[in-house]
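Asker: next input, structure requested:
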Amino acid sequence: MPVIESKLDLRAEPFQQNRAHMLAALGELDALYAQAAQGGGEETLARLRKRGKMPLRERISLVLDPDTPFLEISPLAAWRSNYEVGSGFVVGIGVIEGVECVILGHDPSVRAGAFNPFNHKKLMRGLQIARENRMPYVQFVESAGADLRGESGGGDPEAAIRRETGHFAESGRLFYEITELSKMRIPTISVVFGASTAGGAYQPGMSDYNIFIRGQSKVFLGGPPLVKMATGEDADEESLGGAVMHCTVSGLGDYLAEDEVDGIRLCRDVVRHLNWRKQGPGPSLPADAPVLDAEDLLGIVSPDLRTPFDMREVIGRIVDGSRFEEFKPLYGPTLVTGWASIHGFPVGILGNNGALFSESSEKAAQFIQLCNQIDVPLLFLHNITGYIVGTDFEQRGITKNGSKMINAVSNSTVPHLTVIVGASYGAGNYGMSGRAFGPRFTFTWPTAKIAVMGPKQMAGVMTIVQRTATERRGEVFDEEANAKRVASVEHWAEERSKGLFATSRVADDGMIDPRDTRTVLGIALSACHNAPVKGTKEFGTWRM
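Answerer: Here you go, the predicted structure:
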């Protein structure tokens, strides 16, 4: 297989400027990751330790096999909201007793581990990853139920009622998802580290295996205050829902741990006896490191995404041995397609080198079909402004051929992995298997921008429509008011198109350092191969 030859000039000023900009962005990202890792802050963590409790991330580190990675999902959820960065939950993929598992944990240092709109999305995403990739699901439960205070912290009883109503509908789906995993013979394991109240009680209630901790675990649909109000009974926590009671009387608990470390040991014991085996093929190709240096990824993409770059330069720094067998290199050149491997797993790659034309769209549809025929996962590398527009291109069939590509993406059944390197605008996001099209995993670089269209294009289109409507009414178009409106729209669209905003709203699985792309994709591909990797030959109707 040919090795990609780099044409980058590492000493050129544009490369050095891009690199400096990326390093600055990564510095900001590291600060946010550190903030998320602090949970509710040092004081709250200190109070937990005084009560004999470990911070959530320490619990997770202890349950993982030594020297194995943990791929955290949406670690910056809730950034620029009134909730804490990270949203009070940690979700990710880690290895326990040699088994890749989805791990979810409530952070008791953040609002007592309560549910909110952001961490609920993370939780549901974790369940989806477990289901689609057939991975055991481990949850570290310590939850006060729904956070009725909302972003403002409380004070509005009517708003609290509205939030509770919405949470009631959403949490019901959580219970459904956990029990569906069990039906699919995907094990679900709960370790209850503290109080698990109301809806939180159903997390262990619906699990296959429950581990309770003496003196800490308390599981009940209604705590003592609610029981008092509902029935008049004066109940104490231990008799109502303590660990010993559930393990000796109610039967909800399966294992009684003496402390948190013992509970984590029991969790590892449970995973060990699952006799879990992957159903997908293992890595089958040489997994040697790329010939091209991953450090160079820092300087490839300009902060001005209108500046073009060759996606082959990215491919050559993330695939095994920098080897890439390009498919149809002379046809539809604005889309790079071909075969490679990442950590030994074969992949078919589609990468943007410009707008999608009729030819590149047709090439994509054919390539996706070929990968499905040979059961090879697809990797989509985004830097796409969209499908080309204009009279000539419409007459040459861009809508028809773009639809072929979207048809192929929609009906493809091999795993899809998506990395948004630069721009990802409009229908181009859909054609390149954006989040709406159900890729197994989606990651973004700090340079990523995701939107219906570019900010200037959005403001310009709005101006044209409003100017036309004004002239049709026989009125004078207010240029000054329009200039203010354009500036506002461009600012609003620019802020919300940033990859950091998307990742904070759980619209992807996390923003990553470009140098980590190969490692992250290797973990994701390994996770995908827990399930069978099967392509399809059945696609929708093609317009010829």
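Asker: neighbours of Lys484, just the number please.
Answerer: By the criterion of other C-beta atoms under 10 Å, Lys484 has 10 neighbours. C-betas here are computed from N, CA, C, even on glycine.
Asker: again with Ile374
Answerer: Using other C-beta under 10 Å, Ile374 has 11 other residues around it.
Asker: so for it, what's the pLDDT?
Answerer: Per-residue pLDDT puts Ile374 at 97.
Asker: likewise for Phe115?
Answerer: Per-residue confidence (pLDDT) for Phe115: 83.
Asker: what does it show for phi and psi?
Answerer: Per-residue torsions, Phe115: phi -80, psi 140 (degrees, to the nearest 10).
Asker: that one contacts Gly199, doesn't it?
Answerer: Yes. With contact defined as C-beta atoms under 8 Å, Phe115 reaches Gly199; the gap is 7.1 Å.
Asker: which of the two has more neighbours?
Answerer: More crowded of Phe115 and Gly199, by other C-beta under 10 Å: Phe115, with 27 against 20.
Asker: what bridges to the more buried one?
Answerer: Ala146 (DSSP bridges).
Asker: how far away is it from Phe89?
Answerer: Phe115 sits 9 Å away from Phe89 when distances are taken as C-beta to C-beta, to the nearest Å.
Asker: who touches both of those two?
Answerer: Among the neighbours of Phe115, those also in contact with Phe89 (C-beta atoms under 8 Å, 6 or more residues apart in numbering) are Leu123.
Asker: how about the helices in the stretch 1-150 of the chain?
Answerer: 13-37, 42-50, 56-63, 117-133 (DSSP state H, counting those that start in this stretch).
Asker: where does the chain dip in pLDDT?
Answerer: Low-confidence segments of the chain, defined by pLDDT under 70: 145-172, 452-455, 490-494.
Asker: how about the residue in it that sits furthest from its center?
Answerer: Centroid-distance maximum for the chain: Gly474 at 50.1 Å, with C-alpha atoms, centre = their mean.
Asker: wasn't it part of a helix?
Answerer: No. Checked against DSSP: H, G, I helix; E, B strand; the rest coil, Gly474 lies outside a helix; its state is coil.
Asker: mind listing what's buried along the one helix or strand Met405 maps to?
Answerer: Here Met405 is covered by helix 398-411, with elements defined by DSSP states H and E. Neighbour counts over helix 398-411 (16 or more other C-beta atoms under 10 Å) mark Ile398, Asn401, Gly402, Ser403, Lys404, Met405, Ile406, Asn407, Ala408, Val409 as buried.
Asker: over to stretch 381-399?
Answerer: Leu381, His382, Asn383, Ile384, Thr385, Gly386, Tyr387, Ile388, Phe393, Gly397, Ile398.
Asker: can you check stretch 89-106 too?
Answerer: By 16+ other C-beta under 10 Å, the buried positions in stretch 89-106 come out as 89-97, 99-106.
Asker: take the residues you listed and keep only those in strands.
Answerer: If you go by DSSP state E, the buried residues of stretch 89-106 have 89-96, 99-106 in strands.
Asker: quick one: which of those is nearest Asp236?
Answerer: Nearest to Asp236 out of these is His106 (C-beta to C-beta; 23.6 Å).
Asker: next, the contact list for that closest one, please.
Answerer: For His106, the contacting residues are Leu56, Gly88, Phe89, Gly113, Phe140, Val141, Glu142, Ser143, Gly200, by C-beta under 8 Å, 6+ apart.
Asker: ok, those vs Arg306, which is closest?
Answerer: Phe89 (37.4 Å).
Asker: any idea how far Thr517 is from the nearest residue to Leu285 once chain neighbours are set aside?
Answerer: Spatial nearest neighbour of Leu285, excluding adjacent residues (C-beta to C-beta, 6 or more residues apart in numbering): Ser341 at 4.0 Å. According to C-beta to C-beta, Ser341 stands 15 Å off from Thr517.
Asker: try Met124
Answerer: Distance of Met124 to Thr517, given as C-beta to C-beta: 26 Å.
Asker: and the two? which has more neighbours close in?
Answerer: When Met124 and Thr517 are compared on other C-beta under 10 Å, the one with more neighbours turns out to be Thr517, at 21 against 16.
Asker: for the more buried one, what are phi and psi?
Answerer: With angles defined as degrees, to the nearest 10, Thr517 sits at phi -60, psi -50.
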